[in-house]
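Engineer: Compute the structure for the input listed below.
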Amino acid sequence: KFCMLYESVILDGRGSWRDGSKEEALYRDLKVIRDDFFNHPSYLKINGRPVIIFYITRSRMPYEEGFNGPSVLANMRRRLGHNIYFIAD
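Structural biologist: Just a heads-up that it's a prediction; the model follows:
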C-alpha cells in the first residue's frame with residue numbers, strides 16, 4: 001500500500017489563507033492526487049477513505065495567518081468528492 005505525503009512547504013509563495021488563494025492552490029494539488037492515485041488498487045484507504053498525510057503543518061498552516069484547519073479540510077473533502085482521511089504532524 002502507498003499514500004501521498006503532502007509537504008506543506010509547496011504552498012509557500014502561493015497566496016494567503018486569508019484571501020483563499022492558498023486554499024485554492026491546495027485544492028488544485030489535491031485534485032491531481034485524487035485524479036492520479038485514489039483509484040489505484042494499492043492506494044492506502046482507512047475504512048474506505050483515501051489517506052493523505054500533511055507534513056510540516058505547524059509552521060506552514062498557522063491559524064495566525066488565517067488557516068482554519070477544520071474548515072479548509074471540510075472544503076477539500078466536499079470539493080474533491082471524497083471523505084479523505086487526513087493525517088498531519
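
Engineer: From here on, just use CA atoms for contacts and neighbour counts.
Structural biologist: Fine.

Engineer: Would you mind pulling up the elements that the longest strand along the chain packs against?
Structural biologist: Longest strand in the chain by number of residues (criterion: DSSP state E): strand 49-55. On a contact count with 3 or more Cα pairs under 8 Å, 6 or more residues apart in numbering; DSSP states H and E, strand 49-55 meets strand 4-7, strand 85-88.

Engineer: what's the burial count for Ala88?
Structural biologist: When neighbours are counted by other Cα atoms under 10 Å, Ala88 registers 12.

Engineer: That one pairs with what?
Structural biologist: Beta-bridge pairing of Ala88 under DSSP bridges involves Phe54.

Engineer: Which pLDDT value belongs to it?
Structural biologist: Note for Ala88: predicted pLDDT of 88.

Engineer: Pull the contacting residues for it.
Structural biologist: Applying Cα atoms under 8 Å, 6 or more residues apart in numbering to Ala88 gives the contacts Ile53, Phe54, Tyr55, Ile56, Thr57.

Engineer: ok, the first one to Arg18 distance?
Structural biologist: Using Cα to Cα, to the nearest Å, we find Ile53 at a distance of 23 Å from Arg18.

Engineer: Looking at those two, which one has more neighbours?
Structural biologist: Counted by other Cα under 10 Å, Ile53 and Arg18 do not tie: Ile53 has more neighbours, with 16 against 13.
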